[in-house]
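Asker: Next one to model:
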Amino acid sequence: LLNLLSGRNITGKVSGNIWLNGRPCEDGALSLVSRFISQDDVMLPTMTVSEIIEMAIRFRVEGIGEEELESRKKHAINTLELEKCQNTRIGDSMDKGVSGGERKRTAIAMEMATNSSVLFLDEPTSGLDIYTSLLVIKLLKKIAQSGQTVITVIHQPSSDIFNLFDDVVLLSQGKTVYFGPQDQIVPYFSKIGYKCPNYTNPADFMFTDVLNESGKDISPRTSKLEFQKELSQRLSEEWNKSELANSLRSRVQNPNTSVINESSFIDTINSFSQFKLLSQRAFKNMARNKLMVRIRVAQSIIIGLIFGIVFYDSRNKSLEVKIQNFMGALFFSCISQFLPVAVNVLSTFSTELHVVQRELQSEYYSLFPYFSAKVLVEIPLQIIGPIIFTSISYYMIGFRSEFRYFAIHACGLILLSLNAFALGIFTSTLFKSITVALSFLPMLVVIPMIFGGFIVNTGSMLGWIGWLQWTSPIKYAFTMLTTNQLSGFTIDGEPVGDEKLESLSLGRFKIVGCALFLLLLFIIMIVASYFGLLRITSNGKLRTKTTSTKKKKSILLGNPDERFIKNHSNKF
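Answerer: Residues are numbered from 1 along each chain as shown. From the prediction side, this is the model:
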């Protein structure tokens, strides 16, 4: 229900209208004055509580000064009682950070700090102990008393928590069976035959004795579902003819529009500002994720040393051994810079994807600025790995000693690493489960390996399948590296290197051509990754039409809509 009210995750057929102070909330207009706090408090584990709240404000308030920023942040931290943990990182399963209650309060502070008029919360006490749950609801009560409207779904609240609510909406089978003050719910149901015993939690009584009539026997001829429908219909009819319902109708027919004005709207900053903030955050996130950076660097060093030792000084071996060792070293150099990178990127990005989805749904930023910042920040790391690997292994193996050959070798592996990076992101956008994605990735890696030009002579393949070699980034990288080492290589005037290249049937593309194709494949895969990410962050539907902020404002501003008065003359 909250997803529908807040305009999030709307799938399937939906009917009805949402009104705010007599104005229609169409085309996502409600997002200008409301924020949604989901059940899952997913945040970047490397950021501190203070930094996360500050970032939320910067994304939502364009041109905010440092003084106002600090004031809003401090107010949110004080209101949610986060002073003790404001400089503590959120943390994760590997790096302990804030507690579950502190995480939940941080999520609330992020949305509260933007001064939105309405806060939607989906089960804010889920997963929390009794004390922390009570603390969270007390803080929400404080926010409501400050002037913000707080709407929350809650299941099985304790009596202490239930007594903190101002108004309660009780639903059964999608029908309203009570909507009014919390302190009137027990007297109301007593009048219609449901007397709550003394020392009983009213919330528990509503769920067990009212909504389910647990003490009543069901006729053998009546199914549980039919009984529930009949009960819901009867309770709804009783409610519709009650004095509380009549009072509510009167209030609805005379809505107050004083709250809806320009100052109530939340404006997202422009795309370039989003890109700058996201780039800064991504760099900070990477710098603080020291374990992952160290693993990637150590991986390049260790693999480089292993290659250097295994293929050590191959240039001084016999011709047959030299060629064999060179081919093996070149091909598996490609594999070493392709498979590990794809797996690493898939693992880390799939974890970050949950945070991105939540922030996109909350309209902190648009997808394109985020994706651009992500690629920009990750590219240097994908470049460093191949350079470290090449610097260690290249001269140990005994490849051509001139620097230009070294540079071409490194460039080929860098371009291949970038393709692996793009493949990792693309694979993560195919599946919601990281386990399924990791299971699927080997197939996407094995195919380029088979058509890489070393395991099988691609010139001998059947035409109907041989064309797949031109989709393999490993094929282009291997061709580039092999041509770099063997082209023009002679012994006693014999073009041994060129003859070997011809026998490999690597195709007509040489170093520059292969580099361009690797760059093209990278661009294609990055574009595919972007649209894959767009698909999963928009519930499987590519958004082709968006409503401008200006139009959203015009929807909410003004006097009550005539349709509202007409449609709500006899119902609410």
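
Asker: going forward, measure contacts and count neighbours with C-alpha atoms only.
Answerer: Fine.

Asker: so where is this protein shaky, pLDDT-wise?
Answerer: The chain contains residues with pLDDT under 70 at 7-12, 27-28, 213-223, 255-264, 266, 490-495, 539-549, 555, 558, 560-572.

Asker: E111 contacts A56, doesn't it?
Answerer: Yes - here E111 reaches A56: they are 7.4 Å apart, a contact under CA atoms under 8 Å.

Asker: how far does whichever strand or helix holds C514 sit from the chain's center?
Answerer: According to DSSP states H and E, C514 maps onto helix 511-537. The chain centroid and the centroid of helix 511-537 are separated by 21 Å under CA atoms, centre = their mean, to the nearest Å.

Asker: Please apply the same query to stretch 348-366.
Answerer: On CA atoms, centre = their mean, the centre of stretch 348-366 falls 3 Å from the chain's centre.

Asker: Buried residues, it. List them.
Answerer: By 16 or more other CA atoms under 10 Å, the buried positions in stretch 348-366 come out as 349-350, 353-359, 361-366.

Asker: likewise stretch 284-297?
Answerer: Applying a neighbour-count criterion of 16+ other CA under 10 Å, one finds M286, R296, V297 buried in stretch 284-297.

Asker: Please identify which of the residues you listed is nearest to S117.
Answerer: Using CA to CA, M286 comes nearest to S117 of those, at 34.9 Å.

Asker: V445 reaches P340, doesn't it?
Answerer: No - using CA under 8 Å, V445 is not in contact with P340; the gap is 10.4 Å.

Asker: And the helices in the stretch 51-200 of the chain, which stretches?
Answerer: All helices of the stretch 51-200 of the chain, identified by DSSP state H, counting those that start in this stretch, fall at 66-79, 100-112, 130-145, 159-162, 185-191.

Asker: Show me what the last one is in contact with.
Answerer: Under the criterion CA atoms under 8 Å, 6 or more residues apart in numbering, residues Y178, K195, C196, P202 lie in contact with helix 185-191.

Asker: The first one too?
Answerer: Helix 66-79 has contacts (CA under 8 Å, 6+ apart) with 50, 53-54, 57-58, 83, 86, 109-110, 112-114, 139, 142-143.

Asker: and if you look at the second one?
Answerer: The set of residues that contact helix 100-112 without belonging to it, under CA under 8 Å, 6+ apart, is 35-37, 41, 49, 52-53, 56-57, 76-77, 80, 82, 85, 90, 119, 124, 127-128, 132-133, 136.

Asker: Can you say which of those residues are buried?
Answerer: Buried members of the contacts of helix 100-112, counted by 16+ other CA under 10 Å: 35-37, 41, 49, 52-53, 56-57, 76-77, 80, 82, 85, 90, 119, 124, 132-133, 136.

Asker: And the nearest residue to N163 once chain neighbours are set aside, how close does it get to A203?
Answerer: In space, and not counting its chain neighbours, N163 is closest to Q182: 7.0 Å by CA to CA, 6 or more residues apart in numbering. Using CA to CA, to the nearest Å, Q182 is found at 10 Å from A203.

Asker: And the next helix or strand past the helix ranked longest in the chain?
Answerer: Looking across the chain with DSSP state H, the single longest helix is helix 367-397. Per DSSP H and E, the first helix or strand lying C-terminal to helix 367-397 is helix 403-428.

Asker: buried ones in the next helix or strand after that next one?
Answerer: On the C-terminal side of helix 403-428, the nearest following helix or strand under DSSP H and E is helix 434-450. Residues of helix 434-450 classed as buried under the neighbour-count rule (16+ other CA under 10 Å) are I434, A437, L438, L441, V445, P448, M449, I450.

Asker: So what touches helix 434-450?
Answerer: The contact list for helix 434-450, computed with CA under 8 Å, 6+ apart, reads 335, 339, 343, 346-347, 350, 427-428, 430-431, 455-456, 469, 471-475.

Asker: Tell me which stretches of the stretch 251-400 of the chain form helices.
Answerer: Using DSSP H, counting those that start in this stretch, the helices of the stretch 251-400 of the chain run over 271-288, 290-310, 319-336, 339-361, 367-397.

Asker: From what I see, L468 and T458 are in contact.
Answerer: No - counting by CA under 8 Å, L468 does not reach T458; the two are 9.4 Å apart.

Asker: Highest mean neighbour count out of the helices of the stretch 51-200 of the chain?
Answerer: Among the helices of the stretch 51-200 of the chain, helix 100-112 has the highest mean neighbour count (mean count of other CA atoms under 10 Å), at a mean of 24.

Asker: could you give the angle of it to helix 66-79?
Answerer: Angle of helix 100-112 versus helix 66-79, following axes from the mean of the first three to the mean of the last three CA atoms, to 10 degrees, is 140 degrees.

Asker: distance between helix 100-112 and the chain's centre?
Answerer: Here helix 100-112 is found 18 Å from its chain centre; the criterion is CA atoms, centre = their mean.

Asker: so it versus helix 130-145, what angle?
Answerer: Helix 100-112 runs at 10 degrees relative to helix 130-145, counting by the same axes, to 10 degrees.

Asker: how close does M110 sit to L376?
Answerer: To L376, M110 is 26 Å away according to CA to CA.

Asker: go on, K224?
Answerer: Per CA to CA, K224 is found 57 Å from L376.

Asker: now swap in C334 and tell me
Answerer: Counting by CA to CA, the separation of C334 from L376 is 23 Å.

Asker: repeat for K13
Answerer: Taken as CA to CA, the span from K13 to L376 is 39 Å.

Asker: can you check I397 too?
Answerer: 33 Å.

Asker: ok, these two, which is more surrounded?
Answerer: Taking other CA atoms under 10 Å, I397 and L376 do not tie; I397 has more neighbours (22 against 14).

Asker: show me what contacts L139?
Answerer: Neighbouring residues of L139 by CA under 8 Å, 6+ apart: T79, L80.

Asker: So for Q485, what's the nearest residue that isn't a sequence neighbour?
Answerer: Per CA to CA, 6+ apart, closest to Q485 is R400, 6.5 Å.

Asker: Make sure that neighbour is actually in contact with F406.
Answerer: Yes - judged on CA under 8 Å, R400 makes contact with F406 at a distance of 7.5 Å.
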